[in-house]
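Chemist: here are the coordinates; sequence isn't available:
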């Protein structure tokens, strides 16, 4: 994997660049749609490519391990072939899902034992196991197996979890050095900065991760319910330490305005379920603000769904029609909203990129953010 | 509306023709996907046109009356504009849905009073009301308001319902003569043959409908749970009486083999929820038989979903992938299966048409039907 910085904003830490993987290039800053269990929910792969213009998608190791399982993924020749997606894929490590979905977690220095949320069966994730699963999945970028704590947390818990994360990182590297790639293309490991909301821990972790000298670095343990200010403060602090010349991935973030603010703090990669999850509840993100499509105000608004939208759904369907689909509980409404929101997120980061390259990102961002936050 | 017969099969009653409406031509025999409440479930309009190659779709008057309602449809300029579908639309009369969905029905000579299945509110459908609603919807072809009886039924009930249907038909015509079209294009009324499974009633009704001299005629009250033999027998009997030079629409039919058999009996138009409803349960229709996508046998079958399929989903996704989506309850599975089944139904009737024009429909149909019925 290669990362080349093409431009920097003079009035913020924002950068525009290109990540090159064996499955093609990614223009940064980038948003990565979440394809949890080998599907970006309600969206066809050709829509992802042609309409949403996704350059990389994310898969969830925990979900893919449970279904379809590594046997099937291995036989298919990896996730790319299994789901027919030939652009880059990033997988998480399973750590976050074990934390948020599995029941009866038992943590130890070895790893985490947990019960599947699907059938109650017991499983054990260790750093080595996570690496092995991610090898079978065959993502271009895969994530170190980490332990996270919610915010707020006790200082000593956050410190312990951070040190476990660092020790596990070494075990990830050892396993990867001993086990070759499976499908003929390169895979890159991103380590994860932890440390909760404690400045000294975040600094220590950011330094540790920097010294690890990976091709790219991630910031984890944010977007777990903390105030936006805390998210920005920690991100700012960490990006001051992480190396300039490596891409930075802020995990699980966020709203359109979160993304613009964090681009300004020097983040290059984002993922979040928000555009698809909120779409299924009828919430649309647009350049003019947030729309609740169930609202009666749209019932006789026959104008295009989003005049500024970039995908076919924005021009082909009206607000009144999409409102009708949500009120009538027709699944097509969720499909339309999912395509719209993802296309908007991709348009958002591509437009941010353009402004970084033109040198006026920060002014533009400050103009745009209040509008993005409006309720329409 | 115009209907031109282009060819007849020498060994059956099958015909190939072209219906011309103000929204374009329809090549018959044709299958009409059901877009109940202004949406063919889980399918985008552009997929209907470009991938499924639907030439006409169906809307349900009962559903559209309840949601979005005639006010909204009128303001939108009719259903075509509301849902962004510029090809022909046919609407049913609401009679069947009142019979199958509404509660607390009270029938009288005037019409049917019923309770909405959505909010329990009371409504009254009469022949005049059904015509008025269908005018607001603005379908190219709309259906007479009829009363139907299930099979089996008592003779005197079936006879009474048939006579009510005939009297209501006259009221439909009177209303239409007194009320002009709303959106600048022509609408055509199809009357409906009733008479349950009783030969004498069906003959009487078919003669009555023939004498009514509409542009096209429908056969109703079948595909309501009767054995296939009864459906074929009644259809055969009715098409012997209905005029050759008018299109014939067999309402609510059916499986792929039902459709081929009834094409052989001289039917030109079909609609059914089966391809979409069964798709959502994981059942795929193919030229080689019926596939249950939840079956474990597909779990490591990485071949294309349907080698003989005509739509993008058939080549872009594998059996193993679609099986995984159904097992994981990912909605994309339902979307893929819906596009596949509808594209298959359209391919089925287009292929039947080709064989009619080539003069070997009956031999081809007898070869193909046993294969279509197979369970894979």
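Modeler: Yep, it's here. Bear in mind the structure is a predicted one, so any value in this text is a computation, not a measurement.
Chemist: tell me the contacts of the nearest residue to residue A:251 once chain neighbours are set aside?
Modeler: Closest residue to residue A:251 apart from its sequence neighbours, by C-beta to C-beta, 6 or more residues apart in numbering or on different chains: residue A:220 at 5.0 Å. C-beta coordinates here come from the backbone N, C-alpha and C atoms, glycine included. Taking C-beta atoms under 8 Å, 6 or more residues apart in numbering or on different chains, we find residue A:220 in contact with A:96, A:146, A:148, A:192-194, A:251.
Chemist: and the residue nearest the centre of chain A?
Modeler: What sits nearest the mean C-alpha location of chain A, by C-alpha atoms, centre = their mean, is residue A:271, with 1.7 Å.
Chemist: next one, pLDDT for that one please.
Modeler: Residue A:271 is assigned a pLDDT of 98 by the prediction.
Chemist: if it is in a bridge, with which residues?
Modeler: Counting by DSSP bridges, residue A:271 is bridged to residue A:32.
Chemist: go ahead and confirm it touches residue A:251.
Modeler: Yes - using C-beta atoms under 8 Å as the test, residue A:271 is close enough to residue A:251 to be in contact (6.7 Å).
Chemist: which two among the contacts of residue A:220 are spaced furthest apart?
Modeler: Taking C-beta to C-beta as the measure, the contacts of residue A:220 reach their widest spread between A:96 and A:193, a distance of 14.0 Å.
Chemist: those two: who's more crowded?
Modeler: With neighbours defined as other C-beta atoms under 10 Å in any protein chain shown, residue A:96 and residue A:193 compare such that residue A:193 has more, 34 against 22.
Chemist: residue A:238 is in contact with the more buried one, correct?
Modeler: Yes - using C-beta under 8 Å, residue A:193 is in contact with residue A:238, at 5.4 Å.
Chemist: give me the common contacts of these two.
Modeler: Joint contacts of residue A:193 and residue A:238 (C-beta under 8 Å, 6+ apart) are A:202, A:205-206, A:219.
Chemist: in a markdown table: these, plus neighbour count, pLDDT and distance to residue A:124.
Modeler: Below are those laid out as a markdown table (neighbours: other C-beta atoms under 10 Å in any protein chain shown; pLDDT from 0 to 100; distance: C-beta to C-beta, whole Å):
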| residue | neighbour count | pLDDT | distance to residue A:124 |
| --- | --- | --- | --- |
| A:202 | 25 | 98 | 29 |
| A:205 | 28 | 98 | 25 |
| A:206 | 23 | 98 | 29 |
| A:219 | 30 | 98 | 27 |
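Chemist: show me which of the residues you listed is closest to chain B.
Modeler: If you rank these by distance to chain B using C-beta to the nearest C-beta, residue A:219 comes first, at 29.1 Å.
Chemist: ok, the nearest residue to residue A:83 once chain neighbours are set aside - contacts?
Modeler: Closest residue in space to residue A:83, ignoring its immediate chain neighbours: residue A:38 at 4.6 Å, by C-beta to C-beta, 6+ apart. By C-beta under 8 Å, 6+ apart, the contact list for residue A:38 reads A:59, A:64, A:68, A:79, A:82-83, B:321, B:324-325, B:328, B:330.
Chemist: and residue A:38, which of the three is it?
Modeler: Look at residue A:38: counting by DSSP: H, G, I helix; E, B strand; the rest coil, its state is coil.
Chemist: distance of it from residue B:237?
Modeler: To residue B:237, residue A:38 is 52 Å away according to C-beta to C-beta, to the nearest Å.
Chemist: same check on residue A:265?
Modeler: Residue A:265 is 77 Å from residue B:237, by C-beta to C-beta.
Chemist: chain B contacts on the stretch 151-300 of chain A?
Modeler: Selection of the stretch 151-300 of chain A residues close to chain B by C-beta under 8 Å from any C-beta of the partner chain yields A:299-300.
Chemist: give me the phi and psi angles of residue A:121.
Modeler: Per-residue torsions, residue A:121: phi -70, psi 150 (degrees, to the nearest 10).
Chemist: without its sequence neighbours, what residue ends up closest to it?
Modeler: residue A:115 (7.0 Å).
Chemist: what residues does the stretch 1-150 of chain A have near chain B?
Modeler: Close to chain B, as judged by C-beta under 8 Å from any C-beta, the stretch 1-150 of chain A has residues A:37-39, A:41-46, A:63, A:67-68, A:72, A:75-76, A:81-84.
Chemist: what about burial for those, which qualify?
Modeler: Taking 16 or more other C-beta atoms under 10 Å in any protein chain shown as the criterion, what is buried in these is A:37-39, A:41-45, A:63, A:67-68, A:72, A:75-76, A:81-83.
Chemist: circling back to that earlier point, the residue nearest to residue A:251 and residue A:266, how far apart?
Modeler: Separation of residue A:220 from residue A:266 (C-beta to C-beta): 16 Å.
Chemist: and for residue A:322?
Modeler: Using C-beta to C-beta, residue A:322 is found at 37 Å from residue A:266.
Chemist: who has more neighbours, those two?
Modeler: Using other C-beta under 10 Å as the criterion, residue A:322 and residue A:266 rank with residue A:322 on top: 26 against 22.
Chemist: quick one, helices of the stretch 1-150 of chain A?
Modeler: A:45-50, A:61-66, A:70-76, A:79-83, A:95-100, A:127-137 (DSSP state H, counting those that start in this stretch).
Chemist: could you give me the buried positions within the second one?
Modeler: Which is helix A:61-66. A:61-66.
Chemist: ok, of the residues you listed, which one's closest to residue A:142?
Modeler: residue A:61 (8.0 Å).
Chemist: from the shared contacts of residue A:193 and residue A:238, which land in strands?
Modeler: Mapping those onto strands (DSSP state E) picks out residue A:219.
Chemist: give the helix, strand or coil label for the spatially closest residue to residue A:206 that is not a sequence neighbour.
Modeler: Distances taken as C-beta to C-beta, 6+ apart place residue A:241 nearest to residue A:206, at 3.8 Å, with adjacent residues excluded. Of the three states, residue A:241 takes coil under three-state DSSP.
Chemist: isn't residue A:348 right up against residue A:30?
Modeler: No - Residue A:348 is beyond contact range of residue A:30, at 10.6 Å (criterion: C-beta under 8 Å).
Chemist: ok, longest helix in chain A?
Modeler: helix A:331-358 (DSSP state H).
Chemist: tell me which residues of it are tucked away?
Modeler: A:331-353, A:355-356.
Chemist: and residue A:69, how far is that from residue A:111?
Modeler: Taken as C-beta to C-beta, the span from residue A:69 to residue A:111 is 19 Å.
Chemist: the two: which has the busier surroundings?
Modeler: A side-by-side neighbour count of residue A:69 and residue A:111, using other C-beta under 10 Å, places residue A:111 first with 22 against 15.
Chemist: got the contact list for the closest residue to the more buried one other than its chain neighbours?
Modeler: Nearest residue to residue A:111, sequence neighbours excluded (C-beta to C-beta, 6+ apart): residue A:126, at 3.3 Å. Residue A:126 makes contact with A:110-112, A:145, A:171, according to C-beta under 8 Å, 6+ apart.
Chemist: just the buried ones from these, in PyMOL syntax?
Modeler: Buried subset of these, written as a PyMOL selection, criterion 16+ other C-beta under 10 Å:
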select buried, chain A and resi 111+112+145+171
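Chemist: now residue A:134: how far from chain B?
Modeler: Separation of residue A:134 from chain B (C-beta to the nearest C-beta, to the nearest Å) stands at 18 Å.
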